[in-house]
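**Student:** Would you be able to build a 3D model of this:
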Amino acid sequence: MALQISATNPEHPGLLLELPWDVPLEEWPEEYLVPLPRGISRHVVRYSRAGDEVIAVKELAERPALREYELLRDLDRIGIPAVDPLAVVTGRVDKDGGPLESVLVTRHLGGSMPYRSMFETTMRPATMHRLMDALAVLLVRLHLAGFAWGDCSLSNTLFRRDAGAFAAYLVDAETGDLHPQLSTGQREYDLDLARVNISGELLDLEASGALHPSVDPIEFGMEICARYRGLWDELTRTSVYPAGKYHYIERRIRRLNDLGFDVAEMQIEHASNGDTVSFVPKVVDAGHHQRQLLRLTGLDTEENQARRLLNDLESWMATQDDYAPGDPLGARPEVLAHRWVREVFRPTVRAVPLELRGGMEPAEIYHQLLEHRWYLSERSQHDIGLDTVVEDYITNILPNVRKTLQPTAE
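**Tutor:** Numbers count the residues shown, from 1 in each chain. Have a look, this model is predicted:
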């Protein structure tokens, strides 16, 4: 059987032909290899170059190679964070004509490292918790899409910082299955496998002295189950709201925030029986909200203020007719953000008389008004407009705020 390269891009076969396919992957010469950290694997995996790209090459039988290639393509089509499949190489033979296993070729995710390698750095427990949150987000997104992983582990997951966010990527789909929808039993089985695999790898790292001494491998394995279930329940419970009652949506965002997650994307779909809302969660690094708000709006604020303003901006954008995430014809987030500043933020702040602000910055005033709107809407069980909020805030809240800001006599 002649050598065959099935690729997603017409340019890749020509680049891949330069690699030594007649040599077992374990014996590839150093000149073809790129020294990058790898997790543990049941297969031989090597990093190499194909033109300007760094690729991961995994040796396995033809049928599972083709199957994993198609699964990774399916995950790419539905927007799941996973490595990009580039090609499958079959019909390999050595110099003596003996058969060699097929290989799956994927694109190396730039700036990424296997989770196992991250934990080998004896990082601080607080950072490890955020890494596990990102892994929980990945598992939830996979299960929402109907994908049962079957082998979630520290070695099969890549970590990358993405604009201040912690992001986890699937790197091995060999044992996975894609279904229209997963049952509770399928999800729980997948989650239990993740718990066992993660605890096992952490125990291995602990035995080698590479794990932070304060980390309990068993507790960390249990933690991902707890984080997963909290996030799953918050994202999947019934979310049909009476039209216009957007303080219900804010309540959901607050609960996600309380769980330690932020909203990367939100969609509101209008229907006759109410508004349905879907969220995409993310895990962020310290200072992310400040940087994001500054980039989008030019507003320079404190971190908590920025988080609150970004939540309001995201909710407002989701109600705009030209808001279409991922659609090249939709308005860019930067355009919508500047419209929000011009049409919502500035007019609202200016409605509070300058002489009554007591030295508060505009971002703090807006933050206070949003908190007051939330309180009034919850108390009234319907949305309260910003005009009414400003009036009530000036009358009932601002006098007390000003008193607390005034210096006391010595």
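
**Student:** Next, the buried residues of stretch 333-347.
**Tutor:** Residues of stretch 333-347 classed as buried: 333, 336-337, 340-341, 345 (neighbour count, 16 or more other C-beta atoms under 10 Å). Where C-beta positions appear, they are placed from N, C-alpha and C, glycine not excepted.

**Student:** Can you get me the start-to-end distance on it?
**Tutor:** Start-to-end span of stretch 333-347 (C-alpha to C-alpha, to the nearest Å) is 20 Å.

**Student:** who's in contact with it?
**Tutor:** 295-299, 309, 313, 316-317, 320, 322-323, 362, 366, 386 (C-beta atoms under 8 Å, 6 or more residues apart in numbering).

**Student:** Least confident of these?
**Tutor:** The weakest per-residue confidence within the contacts of stretch 333-347 falls on Tyr323 (74).

**Student:** Next up, the contacts around it.
**Tutor:** 317, 330-331, 336.

**Student:** Any chance of those residues in CSV with distance to Ala126 as columns?
**Tutor:** Shown next, in CSV, are the contacts of Tyr323 (distance: C-beta to C-beta, whole Å):
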residue, distance to Ala126
Met317, 31
Gly330, 37
Ala331, 37
Leu336, 34
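
**Student:** before we move on, back to that, counting only helices, which of the buried residues of stretch 333-347 make the cut?
**Tutor:** With DSSP state H as the criterion, helices contain 333, 336-337, 340 from among these.

**Student:** Share the number of residues neighbouring Arg187, please.
**Tutor:** 19 (other C-beta atoms under 10 Å).

**Student:** Taking the contacts of Tyr323 together, which two end up most distant?
**Tutor:** Met317 and Gly330 (10.2 Å; C-beta to C-beta).

**Student:** who's more crowded, those two?
**Tutor:** More neighbours surround Met317 than the other of Met317 and Gly330, with 21 against 15 (other C-beta under 10 Å).

**Student:** From Arg254, how far out is the spatially closest residue to Ile397 that is not a sequence neighbour?
**Tutor:** Leaving aside its sequence neighbours, Ile397 sits nearest to His372 (C-beta to C-beta, 6 or more residues apart in numbering; 6.0 Å). Distance check for His372 against Arg254: by C-beta to C-beta, to the nearest Å, it reads 15 Å.

**Student:** thinking again about what came up before, I'd like the ones in helices among the buried residues of stretch 333-347 as TSV, with distance to Val83 appended.
**Tutor:** As requested, these are exported to TSV (distance: C-beta to C-beta, whole Å):
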residue	distance to Val83
Pro333	26
Leu336	32
Ala337	32
Trp340	36
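
**Student:** how distant is stretch 54-72 from the center of its chain?
**Tutor:** Relative to its chain's centre, stretch 54-72 lies at 25 Å (C-alpha atoms, centre = their mean, to the nearest Å).

**Student:** how about it: buried residues?
**Tutor:** For stretch 54-72, the neighbour count (16+ other C-beta under 10 Å) marks 55-60, 62, 64-69, 71-72 as buried.

**Student:** picking that back up, closest one to Gly176 out of the contacts of stretch 333-347, please.
**Tutor:** Scanning the contacts of stretch 333-347 for proximity to Gly176, where the rule is C-beta to C-beta, the winner is Tyr323, at 32.7 Å.

**Student:** Tell me the secondary structure at that closest one.
**Tutor:** Under DSSP: H, G, I helix; E, B strand; the rest coil, the three-state class of Tyr323 is coil.

**Student:** So which of the buried residues of stretch 54-72 belong to helices?
**Tutor:** Using DSSP H, those in helices are 62, 64-69, 71-72.

**Student:** I'd like the ones in helices among the buried residues of stretch 333-347 as JSON lines, with pLDDT and distance to Gly51 appended.
**Tutor:** Shown next, in JSON lines, are these (pLDDT from 0 to 100; distance: C-beta to C-beta, whole Å):
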{"residue": "Pro333", "pLDDT": "84", "distance to Gly51": "33"}
{"residue": "Leu336", "pLDDT": "91", "distance to Gly51": "38"}
{"residue": "Ala337", "pLDDT": "92", "distance to Gly51": "38"}
{"residue": "Trp340", "pLDDT": "94", "distance to Gly51": "43"}
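
**Student:** Between which two of these is the distance greatest?
**Tutor:** Pro333 and Trp340 (10.1 Å).

**Student:** hang on, the earlier thing: filter the contacts of stretch 333-347 down to the buried ones, PyMOL style.
**Tutor:** In PyMOL, this line selects whichever of the contacts of stretch 333-347 come out buried by 16+ other C-beta under 10 Å:
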select buried, resi 296+297+299+309+313+316+317+323+362+366+386
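
**Student:** And the contacts of stretch 297-314?
**Tutor:** 250, 253, 257, 262-263, 265-266, 286-287, 289-290, 292-294, 296, 337-338, 340-341, 345, 361, 363-364, 366-367, 370-371.

**Student:** Turn the buried ones among these into a named ChimeraX selection, would you?
**Tutor:** Applied in ChimeraX, the following selects the buried portion of the contacts of stretch 297-314 according to 16+ other C-beta under 10 Å:
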select :250,253,262,263,266,289,290,292,293,296,337,340,341,345,363,364,366,367,370
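
**Student:** quick one: Ser155 and Gly39 touch, right?
**Tutor:** Yes. Counting by C-beta atoms under 8 Å, Gly39 is a contact partner of Ser155 at 2.7 Å.

**Student:** Spatially, what comes nearest to Leu202 if we skip its sequence neighbours?
**Tutor:** Computed as C-beta to C-beta, 6+ apart, the closest residue to Leu202 that is not its neighbour in sequence is Pro217, at 3.4 Å.

**Student:** tell me the contacts of the one you found?
**Tutor:** Pro217 sits in contact with 199-200, 202-203, 205-206, 211, where contact means C-beta under 8 Å, 6+ apart.
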